[in-house]
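Colleague: Just to be clear, the model below is a prediction. Sequence and coordinates:
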Amino acid sequence: MTPEHRAWRLSGGVIETLELPPHPEWFYVPDITSKGSPVCLIPGHHNSDYETFTLPLIAEIACRLTPWSTWYLAPGFFDCHLCSGKAWGEIEVVVCRTDINPPHSVANAYHESWHLAEALLRPDLLAALDARLASGPAWPGDYYPQACERRARAFEHFAMLFDEGCRQIIAGDHVPSEIQLFWYVYSGGFGREIMSKRASKRAPRRSGILSRMKASLFA
Ligand SMILES: [Zn+2]
């Protein structure tokens, strides 16, 4: 397999290497084509640091923040050439491009993680967050001002602040609710909660243990 035709699938903490066929046999993402709009991954040049540096980081982020989801990583994807990534919360799939630089790729991974997570968060928590973000810039066009994009951008910047070492923002007794929510998703607490809840649905006998869990943050 040539490097240009290499892609990756992340699921359950496992990194699987895929081979992308040449056009016109582009790789259609099976987890999406079965339930939503067809999306195909296309071959191309990866960022030179992607496989050795960025890929392990994104695999860790995907497993920590959204362990219930499946991610596809490829140089490009059809019908969305200007996007760095795309997430489908209802069907729990992310595609991210591998031809962008490491900081942008990591920020994008956090952005797309949020899109998946917010599909499972309680509406009242999202409404409280939206109230905080309402004072943000009046971005041009229809896309950037959307509430879901404001949340994802805010979370992406929060996560990058933490990654860069600025963790004192959650110190003290009066941490704003939006920061607590961001921290819960970033830290992996939300991902663990989702997985526990799903396990309890599959194994009803464990409900006694799960009944002692703290109040749920998801709908
Ligand atoms: Zn977005």
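Modeller: Yes, it's here. Residues are numbered from 1 along each chain as shown.

Colleague: drop to CA atoms for contacts and neighbour counts, all remaining ones
Modeller: OK.

Colleague: where in the chain is pLDDT low?
Modeller: Along the chain, segments meeting pLDDT under 70 span 33-37, 79-84, 171-172, 204-219.

Colleague: Let me see the ranges of the strands in it.
Modeller: 6-11, 14-19, 27-28, 40-42, 70-74, 76-77, 85-88, 93-97 (DSSP state E).

Colleague: Make a markdown table out of those strands and add mean neighbour count and distance to Leu116.
Modeller: Listed next are those as a markdown table, based on neighbours: other CA atoms under 10 Å; distance: least, CA to CA, whole Å:
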| stretch | mean neighbour count | distance to Leu116 |
| --- | --- | --- |
| strand 6-11 | 21 | 14 |
| strand 14-19 | 14 | 19 |
| strand 27-28 | 18 | 20 |
| strand 40-42 | 23 | 19 |
| strand 70-74 | 24 | 10 |
| strand 76-77 | 26 | 19 |
| strand 85-88 | 20 | 6 |
| strand 93-97 | 25 | 8 |
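
Colleague: Please report how far the residue nearest to the spatial centre of the chain lies from Glu92.
Modeller: Here the mean C-alpha position of the chain is nearest to the C-alpha of Ser113 (CA atoms, centre = their mean), at a distance of 1.6 Å. With the distance defined as CA to CA, to the nearest Å, Ser113 ends up 10 Å from Glu92.

Colleague: Kindly report the same for Ile58.
Modeller: According to CA to CA, Ile58 and Glu92 sit 16 Å apart.

Colleague: Between the two, which has more neighbouring residues?
Modeller: Counted by other CA atoms under 10 Å, Ile58 and Glu92 do not tie: Ile58 has more neighbours, with 23 against 19.
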